[in-house]
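J.: 3D model of this:
(2 chains)
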Protein chains: 2
Amino acid sequence: MTFTTSFVPEIRFGSGLHATVGVAAAGLGGVRRATLVVDAYLAGTGLADEVAGQLEAAGIGCVIFAEVAGEPKLAHVRAASAAAAGSDLVIGIGGGSALDIAKIAACTAASGEDAMHYALAANPLPKQPLKTILVPTTAGTGSETSATAIFSGPQGKKLWIWGAETKADLVLLDPGLTVSLPAHLTAWCGLDAFIHAFEASTNRNAHPGGRFYGHEAMRLITGALETAVRAPSDIEARGRMLLGSCYAGIAIDNCGTAIAHTISHALAGLAPIHHGLATALGFEATLAWLVEAGTDDLDAAAKACGLGSAPELPAFVGGLMDRSGVVRALPPAFSAVSAAMLAAEMRAAENQPMRRATIRDVTDADIDRFADQILSLPKAA
Amino acid sequence: MTFTTSFVPEIRFGSGLHATVGVAAAGLGGVRRATLVVDAYLAGTGLADEVAGQLEAAGIGCVIFAEVAGEPKLAHVRAASAAAAGSDLVIGIGGGSALDIAKIAACTAASGEDAMHYALAANPLPKQPLKTILVPTTAGTGSETSATAIFSGPQGKKLWIWGAETKADLVLLDPGLTVSLPAHLTAWCGLDAFIHAFEASTNRNAHPGGRFYGHEAMRLITGALETAVRAPSDIEARGRMLLGSCYAGIAIDNCGTAIAHTISHALAGLAPIHHGLATALGFEATLAWLVEAGTDDLDAAAKACGLGSAPELPAFVGGLMDRSGVVRALPPAFSAVSAAMLAAEMRAAENQPMRRATIRDVTDADIDRFADQILSLPKAA
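T.: Residues are numbered from 1 along each chain as shown, chains lettered A, B, ... in the order given. From the prediction side, this is the model:
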C-alpha cells in the first residue's frame, strides 16, 4: 500500500484565542500588513475591529474585507484579492465561505492573477502565496485544514481551487467563537463534519494515514453534537465539535468524500440549500445501502461511533439527526425540482469523482432511486 | 483547555519509496544541490550511491556524507554541516542519528553558525534553514516528525537542539528499508516508539491534540511488534511499525516523555547503552507504580493497546517484551555503576523536565527504589 498525507498546519486550540490573533500574526515574522477577511455578520459584532486593534498593537497595518455573506462568488473573491494586494498575510475569520475566500485571495493577491486562472486546476498555484491564518467560527467545513476552496464562477457554477499552496500557515480554533451559532446550523454544520469524517475513512480512497483523523473526528463529534445543539454555550462540547471538524477537514484533505457529497453538490446545483443539510439528507438516504458493502472500514467507522458494527449505523445516524433536531425537508424552491432533474445533476461530470470514490458501485438505477427518495421529502414552508 | 499542535510535514508511505527520493527532491522546487546524510552501514549497501544517481538524473548535484555511526557527536555534526554548505537540501537516510545530524546540518549550513551556537536553545534557529527530506530506516525514534535533534557536546554530554525550524519538509516512510534490522534492534527501537506514544499520551503535558497520535501509534505498534521481530521480512508488520513510530514522534513532539526517559537518559550518561533498551528497562521498572495514578489517560492508553483498563498494562507490556525476545540485562560496563550513581544522574538538572512531566509525583525515595531495581538487573556477558 502506498499513500501520502499532506502537511498539517500548526493548530492552536483554546477558548479566548481570538484575542491572540495579533500576536500570532506577528509571530509569523516579516508581516507588515494584513488583510482580514471576515463574515459580514462577525464584522457587525465588533470582532473585526477588535482583531484590527490587536494587529495595530503588534505594529501590523490592517485592511478589513467584510463583504462575505452566503456562498462565495467570483465577485467576492476578486474584491478580496484586490483588498489583499500589498499585504503579507491574509487572516480568514468566519464560516467556510470566509476561509475559502481568504485562501484564494492569498494566492491571487500574491501572483496578481485572477481566480479563474486557477479554477479547476487550469494553472499551477503560485509557489509563494501570502501567509494565511484561518480562524473558523463554525464547526463544519474543515476548510481550515483542507487544500480546497470553493466559489461560484461567472455562470453561477460551483468551481474549486485546489493545492497545498492554499493551506494555512496557522489555524486558531477558539470554541468561544462558535457558541452563538443557532441550533439548526450547529446541527447541519456538525453533521457535515461527521459525514466528511465518515466518507473519508470508508471510501475507496481511504488509507491508514487519513482514516485515523476521520475516526478521531467521529469520536469527538458523536460525543458532542447533541450537547452543542441543546446547550449552545457548553464550551467543552463546542470545543469537541470544533476539533472534530478540523480533523474531519484533514481526513477529506487526504481521502476525499463519497456519495452523500454527490447528492449535496447536485442539490446545490438546482436550488439554494445549506451544504450541511443537503449532505445530511444525502447521507441518510444512502447509508443503509452503503453499509451493505460490509467492509472492514465500515465496521471501523461504526466502532469510532461507539457501535459494535456497521449494520447499526443507519439507526444510529437517524437517531443522532433526530436528537439534533434535524427536520428532514428541502427548502421550498425544490418544489420546482423533479427527481429526474436531480438524477441528471448527480450524473454531471463534476459529481463523478465522489460517485466513483464510493465504496459500492453506484449504478444509474441507484442514482434514480436516491433522487426519488430525496425529492419525496417535504418542501418546508 | 488550551494546547498547540506543531505542524506535521507531508508524509509519503509505501514500500519501494526509496526509489523516489530524487523525484521528491526535485518536487520541492529550486533544489540544485543536495547533501545526503546516511548511516555508514547504508552507504555500504549501495543505497547512498543509488540515491545520488536518482538526484543526478533529476538534475540535482549530490554530496554524500556517510560518516554516521553510533550516537551523533559534535564532530559529526560539524563535518555534516561543512558538507552541506552550498546545498539547498539535506536528505537524511538512516536511524535517529542520521536524521538528527541532517536536521542540525540544515540549520547550521544555512546560517554558517556552529551547532554549539544553538545547543540547549542558546540562540534562536535560522528562520530559513535548508530544506530537508527525512527517510527513517528504523522504526523507533520518530525523529522524522519531531523538532528535536540530539548530539554529544565537547565534554561528551548529551545536548539538544530544538525548534520547528529543524522539522522536515517531507518524510518518506519506506518499510522495505527496515527489513534488514536485526531482531533485537527491531524490538528495542519498537519499544522505544511504543513508550514515546505511551508517555506522550499519559503524562502531565498530554492533550487531545497529541494524545490521539499516541493512541494510533500504540494500536499500530502493539499489533505488529512481535511479528516484525519474528518474521523480519513481513512488510505489512514493518509498515505498521514504521507508521506507528512516525506517529509516536508526532506525539512526543507535542507532549514530550516521562519517567522512563529520565531513567534511560540517566543510564546513557553513565555507560554506553542502546536508547531503546534503556528506555524499555526504565519503563518496565516503573509501570506498575505509574498505573496506580489511575487516570483516565492511563485507561485510554490501555484501551489503545486492546486492554480493558490500566491495571492490565504491566503484565501486557512484560508479555510484549518477552514475546519480542527482550533480555532484561544491562551492558557489562554497568558492572562499574552503582544504584547511587544512577539515582544521582536521575536527579541531574537536565533530567528533571521528564521527571516533572510524569503523571505521579516522583519522590526522591521513588528514584532510589527505581535505581536499585534497574541496577539489580544482570550485567550481560
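J.: Show me the contact partners of stretch A:162-171.
T.: A:6-7, A:9-12, A:24, A:28, A:103-104, A:106-107, A:121, A:124-127, A:129, A:131-136, A:144-149, A:246, B:10 (Cβ atoms under 8 Å, 6 or more residues apart in numbering or on different chains). C-beta: built from backbone N, CA, C; applies to glycine.
J.: In space, what's closest to the residue most central in space within chain A - neighbours in sequence excluded?
T.: For chain A, residue A:141 is the residue whose C-alpha lies nearest the centre (Cα atoms, centre = their mean; 1.6 Å). Among residues not flanking residue A:141 along the chain, residue A:96 sits closest, at 3.2 Å (Cβ to Cβ, 6 or more residues apart in numbering or on different chains).
J.: try residue A:154
T.: Residue nearest to residue A:154 in three dimensions, not counting chain neighbours: residue A:74, with 5.9 Å by Cβ to Cβ, 6+ apart.
J.: quick one on the thing from earlier: inside strands: which ones of the contacts of stretch A:162-171?
T.: A:10, A:11, A:12, A:131, A:132, A:133, A:134, A:135, A:136, A:148, A:149, B:10 (DSSP state E).
J.: will you turn those into TSV that also has distance to residue B:85 and neighbour count?
T.: Output for the ones in strands among the contacts of stretch A:162-171, formatted as TSV (distance: Cβ to Cβ, whole Å; neighbours: other Cβ atoms under 10 Å in any protein chain shown):
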residue	distance to residue B:85	neighbour count
A:10	30	18
A:11	35	25
A:12	36	20
A:131	29	21
A:132	33	26
A:133	35	28
A:134	37	29
A:135	41	29
A:136	43	29
A:148	40	19
A:149	40	29
B:10	26	18
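J.: Of these, which is the nearest to residue A:318?
T.: Within these, distances to residue A:318 taken as Cβ to Cβ reach their minimum at residue A:136, with 27.4 Å.
J.: Using CSV, lay out the ones in strands among the contacts of stretch A:162-171 together with distance to residue A:369 and pLDDT.
T.: Formatted as CSV, the ones in strands among the contacts of stretch A:162-171 follow (distance: Cβ to Cβ, whole Å; pLDDT from 0 to 100):
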residue, distance to residue A:369, pLDDT
A:10, 45, 98
A:11, 41, 98
A:12, 45, 98
A:131, 48, 98
A:132, 42, 98
A:133, 45, 98
A:134, 39, 98
A:135, 41, 98
A:136, 35, 98
A:148, 29, 93
A:149, 33, 95
B:10, 40, 98
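J.: which of those sit farthest apart?
T.: Longest distance between any two of these is 23.6 Å, between A:135 and B:10; criterion Cβ to Cβ.
J.: so the residue nearest to the centre of chain A sits in a strand?
T.: No - judged by DSSP: H, G, I helix; E, B strand; the rest coil, residue A:141 forms no part of a strand; its state is coil.
J.: Of all the residues in the stretch 51-200 of chain A, which one is nearest chain B?
T.: residue A:127 (6.0 Å; Cβ to the nearest Cβ).
J.: so that residue touches residue B:29, yeah?
T.: Yes - at 6.0 Å, residue A:127 counts as touching residue B:29 under the criterion of Cβ atoms under 8 Å.
J.: Contact residues of the stretch 151-300 of chain A facing chain B?
T.: Contacts of the stretch 151-300 of chain A with chain B, taken as Cβ under 8 Å from any Cβ of the partner chain, map to A:164, A:208, A:209, A:212, A:216, A:239, A:243.
J.: how about a cut-off of 7 Å?
T.: Residues of the stretch 151-300 of chain A lying near chain B by Cβ under 7 Å from any Cβ of the partner chain: A:208, A:209, A:212, A:216, A:243.
J.: pLDDT and secondary structure added to the residues you listed, as TSV?
T.: Shown next, in TSV, are these (pLDDT from 0 to 100; DSSP: H, G, I helix; E, B strand; the rest coil):
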residue	pLDDT	secondary structure
A:208	97	helix
A:209	97	helix
A:212	96	helix
A:216	98	helix
A:243	98	helix
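J.: Flag the shaky bits of chain A, pLDDT-wise.
T.: Chain A contains residues with pLDDT under 70 at A:381.
J.: Outline the domain layout of it.
T.: Here the domain assignment for chain A is A:10-177, A:179-375, based on automatic domain parsing.
J.: Turn these into CSV, including distance to residue B:357.
T.: What follows is the domains of chain A, written out as CSV (distance: least, Cβ to Cβ, whole Å):
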stretch, distance to residue B:357
domain A:10-177, 20
domain A:179-375, 23
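J.: that older thread, which one among the ones in strands among the contacts of stretch A:162-171 gets closest to residue A:185?
T.: Taking Cβ to Cβ as the measure, residue A:185 lies nearest residue A:136 of the ones in strands among the contacts of stretch A:162-171, at 13.1 Å.
J.: what separates the closest one from residue B:34, distance-wise?
T.: Noted for residue A:136: a distance of 38 Å to residue B:34, by Cβ to Cβ, to the nearest Å.
J.: again, but for residue A:45
T.: Using Cβ to Cβ, residue A:45 is found at 51 Å from residue B:34.
J.: quick one: which of the two has more around it?
T.: The neighbour comparison of residue A:45 against residue B:34 (other Cβ atoms under 10 Å in any protein chain shown) goes to residue B:34, with 29 against 13.
J.: Give me the phi and psi for residue A:66.
T.: Phi and psi for residue A:66, reported as degrees, to the nearest 10, are phi -120, psi 30.
J.: how about the helices in the stretch 151-300 of chain A?
T.: Shown for the stretch 151-300 of chain A, the helices assigned by DSSP state H, counting those that start in this stretch span residues A:183-202, A:208-222, A:225-230, A:235-255, A:259-268, A:275-291, A:296-304.
J.: Distance of residue A:95 relative to residue A:141?
T.: Counting by Cβ to Cβ, the separation of residue A:95 from residue A:141 is 7 Å.
J.: repeat for residue A:131
T.: 21 Å.
J.: Is it correct that residue A:42 falls within a helix?
T.: Yes - the assignment for residue A:42 is a helix, going by three-state DSSP.
J.: Excluding sequence neighbours, find me the nearest residue to it.
T.: Closest to residue A:42 by Cβ to Cβ, 6+ apart is residue A:94, at 5.8 Å.
J.: now residue A:261
T.: Nearest non-adjacent residue to residue A:261 (Cβ to Cβ, 6+ apart): residue A:354, at 4.7 Å.
J.: now residue A:205
T.: Residue A:205 sits nearest to residue A:255 (Cβ to Cβ, 6+ apart), 4.7 Å away.
J.: With that, I have no additional questions.
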